[in-house]
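Give me a model of this one.
(one chain, ligands or ions: 1)
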Amino acid sequence: MLPESIREDFPAIINNPDTIYLDSACMALKPKKVIDAILEYYSNLGGCGGRSAHRLAIEVTERTEEAREKIARFFSAERNEMVFTRNTTEGLNMVARGLNLEKGDRVLTTDKEHNSNLIPWQKLAGRGIKHEIVPSNPDGTFNIEAFKERMNRDVKVVSIVHTSNLDGYTVPAKDIGEIAHDYGAIFVLDAAQSAPHHPIDVKDVDVDFMAFSMHKMAGPTGVGALYGKYELLRELEPLNYGGGTVEDTTYACATLLEPPERFEAGLQDYAGIIGAGAAVEYLKAIGMREIERHEVELNRIITEELKDLSGIRIIGPQEPELRGGIFNFTINGLDSNQMAVLLDEKYGILVRGGKQCVNSWYNSQGIEGGVRASFYIYNTEKEVRYMAEAVREIMEMLEKA
Ligand code: ALA
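Coordinates of the predicted model:
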């Protein structure tokens, strides 16, 4: 397990002493190093990047490019393959709208996609592009046979949630990518929940595009990135055009810069980007394998405590080692959001209830919502045992009522 001293790095933990934060799948807390990097921009720099030639602007350009380099290296990518975005959602929309898909092309996703990897593909129906769902196995694991059955040369894109925000399960991305590539399809990963919790080498996985958010990686809000293989980025139509994306324009046309600059229209969130660089450095110093192990250990403890409790059902695979840092469950007799509010008000435990942006899966199962505890580097054994105790007390209370 990671040392508890990590908690001292997080002002939000120190400043909220009576809370147990178990909602990192939605938003991770930020260490002081990240906050300091953001503040440094506002206090000492303040200029724009990539444009003006004065000293503050040059410094900002250098610092944002350093951050790009750090983030690229974190995933074993090249600097020119990493495009800054606002978040995973923006990255996935960029891919869905920027690929040159045509009438009759097919796009495959799974039945467990976040709305951000669902709606952008659904919306292509107006152009005659067919979006189809690969059903998961009953325990939520990836159904490779169902996937293979659906593959043919009309499938142009396979876009899959790498680690699910619903149940923490991580798909066998390398195998999926290999099959997608055998049929000439583009392979896209929604890495919002994998990038913060697992080591990823984009070259090893051989993914074509991968979108992620820094706010789930101990980084600032409002900054994410889209990784794309350079040749594919060159063919992708930008979502936004404007300042900072062109070599030159006339009244009639524009010559775009090469990637990644051509995708970053308008002034950027320089403070956030510099903070994002600090966030990956912070995670790297802890070690992604260590982070992975820590979360599974916490998941093992809470699973052991609650798996046999009458009235609750764990969503996804029952084995904690397949669920990473997510423990999501349904309860008999209480709405998931009511349960989340009760955990907060009575015990100071902060979790997320409801459909967690995976409405389609919950609706298909006829389930109103889940109560999701999600763990990160700062959570402790004591906290998850306390959560288990709280759930047991609430369930006893419900039985008596
Ligand atoms: N996708 C984020 C979550 O699962 C917002 O909470």
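
can you give me the strands in the chain?
Using DSSP state E, the strands of the chain run over 20-21, 82-85, 106-110, 130-134, 155-161, 186-190, 209-213, 224-228, 246-249, 254-256, 312-314, 326-331, 349-350, 371-374.

Export these as TSV, with columns for distance to residue 262, mean neighbour count and mean pLDDT.
C-beta: built from backbone N, CA, C; applies to glycine. Output for the strands of the chain, formatted as TSV (distance: least, Cβ to Cβ, whole Å; neighbours: other Cβ atoms under 10 Å; pLDDT from 0 to 100):
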stretch	distance to residue 262	mean neighbour count	mean pLDDT
strand 20-21	39	23	98
strand 82-85	9	25	98
strand 106-110	24	23	98
strand 130-134	27	17	98
strand 155-161	21	24	98
strand 186-190	19	27	99
strand 209-213	15	29	99
strand 224-228	12	29	98
strand 246-249	8	12	97
strand 254-256	4	13	98
strand 312-314	45	18	97
strand 326-331	36	25	97
strand 349-350	40	20	98
strand 371-374	35	28	98
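
of those, which approaches the ligand most closely?
Evaluated with Cβ to the nearest ligand atom, these place strand 371-374 nearest to the ligand, the distance being 7.3 Å.

Give me the distance from that closest one to the chain's centre.
Distance, stretch centre to chain centre, for strand 371-374: 15 Å (Cα atoms, centre = their mean, to the nearest Å).

Please name the spatially closest residue to residue 290 (chain neighbours excluded).
residue 2 (6.2 Å; Cβ to Cβ, 6 or more residues apart in numbering).

Settle this for me: that neighbour is touching residue 289, isn't it.
No - Residue 2 is beyond contact range of residue 289, at 11.3 Å (criterion: Cβ atoms under 8 Å).

The two: which has the busier surroundings?
residue 2 (20 against 10; other Cβ atoms under 10 Å).

got a pLDDT number for the more buried one?
With respect to pLDDT, residue 2 scores 97.

dump the residue contacts of residue 7.
13, 14, 378, 380 (Cβ atoms under 8 Å, 6 or more residues apart in numbering).

Which of the residues you listed are buried? Put it as a ChimeraX command.
Restricted to buried positions by 16 or more other Cβ atoms under 10 Å, the ChimeraX selection for those reads:
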select :13,378,380
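
Now compare the contacts of residue 7 and name the two farthest from each other.
14 and 380 (14.3 Å; Cβ to Cβ).

Pick out the residue of the stretch 51-200 of the chain closest to the ligand.
Closest point on the stretch 51-200 of the chain to the ligand, by Cβ to the nearest ligand atom, is residue 165, at 3.5 Å.

That residue touches residue 356, doesn't it?
Yes - between residue 165 and residue 356 there is a contact at 5.9 Å, judged by Cβ under 8 Å.

Identify the contacts common to the two.
With Cβ under 8 Å, 6+ apart as the test, residue 165 and residue 356 both reach residue 25.

Where helices are concerned, which of the contacts of residue 7 count?
13, 14 (DSSP state H).

Of the contacts of residue 7, which is the nearest to residue 143?
residue 378 (34.7 Å).

Show the pLDDT at that closest one.
Residue 378 is given a pLDDT of 98.

Repeat that for residue 154.
pLDDT, residue 154: 98.

now do residue 333
The model's pLDDT for residue 333 equals 85.

what does the stretch 251-400 of the chain have sitting close to the ligand?
Within the stretch 251-400 of the chain, the positions adjacent to the ligand are 352, 356, 357 by Cβ under 6 Å from any ligand atom.

and the last one, what is it in contact with?
Just to be clear, that refers to residue 357. 114, 115, 116, 165.

Can you get me a residue count around the second one?
For residue 115, the number of neighbouring residues by other Cβ under 10 Å comes to 15.

hang on, isn't it packed against residue 355?
No - using Cβ under 8 Å, residue 115 is not in contact with residue 355, being 9.2 Å away.

Isn't residue 279 up against residue 223?
No - with contact defined as Cβ under 8 Å, residue 279 does not count as touching residue 223 (9.0 Å).
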